[in-house]
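> Please find the sequence and the predicted model below.
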Amino acid sequence: MTPRKSSHTVPDHGDWAVPYQPADVADLDPATADRRGGVPKPPMTDAVHRVVETEGPIHPDVLLRHLGELLFEPRPSSIRTRVNSAVDALKGEGRITEADGFLDLPGRPCEQARWPLPGLVPRPVEHVAPAERRRALLGLVEDRPRGLGAEQAVGEALKFFGWSARNTAARAKLMADLYRLRDTGTLTGWPDKLEPPAGS
């Protein structure tokens, strides 16, 4: 699957904001392609690792759906057992890890938040890792120190991820993330003039 090209940019954001880039598995092992249709059939552990490497932190349901698309499986549920076995094997080998229900590479910090490319359906809030949501909130505050209050930061994050202002579930999770950033000292100036701690 080739990532969709777009000239769309998110204005006024630093390098913490990037578009969501889907993975590709076609080059993993060309010798294993199905010669009848040219469908790539790489080893499942390699395919899972590639998707996690490219798209992590990724929710297991998103991993399954994307692998179904990449491997041309009409029903992703038909490969669920193989995907779960590959995930378990990779976790056992220490090649991927799981935190807060999301898969990623071990020790990789969440340094970027991803906005949806035009034409792609925004991920529901349940499919965006807490670490990524907090990175977006922190990035928005870093871009406008003392220029955003808590409610405005949440509103900007809703727009960033492509969610409606009326999405109460997303709003609640983002506000909880903002409280977490406040309580850990990652943000100061609560609640009206948010900013990163001095010297950060």
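Looks like it arrived, so ask away. Numbers count the residues shown, from 1 in each chain.
> Domain map for this structure?
20-104, 113-183 (automatic domain parsing).
> Would you mind putting the ones you listed into a markdown table with mean pLDDT and distance to residue 192 alongside?
(C-beta placed from N, C-alpha, C; glycine too.) Putting the domains of the chain into a markdown table (pLDDT from 0 to 100; distance: least, CB to CB, whole Å) gives the following:
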| stretch | mean pLDDT | distance to residue 192 |
| --- | --- | --- |
| domain 20-104 | 88 | 29 |
| domain 113-183 | 96 | 4 |
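> tell me the most buried of those domains?
Using mean count of other CB atoms under 10 Å, the stretch among these with the largest mean neighbour count is domain 113-183, at a mean of 18.
> Let's see whatever helix or strand residue 175 lives in as CSV, backbone CA atoms only.
Element membership for residue 175, per DSSP states H and E: helix 168-183. Once non-C-alpha atoms are left out, helix 168-183 reads as follows in CSV (Å, rounded to 0.1, in the frame of the first residue of the first chain):
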residue,chain,number,x,y,z
THR,A,168,-17.5,14.0,23.9
ALA,A,169,-15.4,10.8,24.3
ALA,A,170,-12.4,12.3,22.6
ARG,A,171,-12.8,15.6,24.5
ALA,A,172,-12.9,13.7,27.8
LYS,A,173,-9.8,11.6,27.0
LEU,A,174,-7.9,14.7,25.9
MET,A,175,-8.8,16.6,29.0
ALA,A,176,-7.6,13.6,31.1
ASP,A,177,-4.4,13.6,29.1
LEU,A,178,-4.0,17.3,29.8
TYR,A,179,-4.5,16.8,33.6
ARG,A,180,-1.8,14.1,33.4
LEU,A,181,0.6,16.5,31.7
ARG,A,182,-0.1,19.0,34.4
ASP,A,183,0.2,16.5,37.3
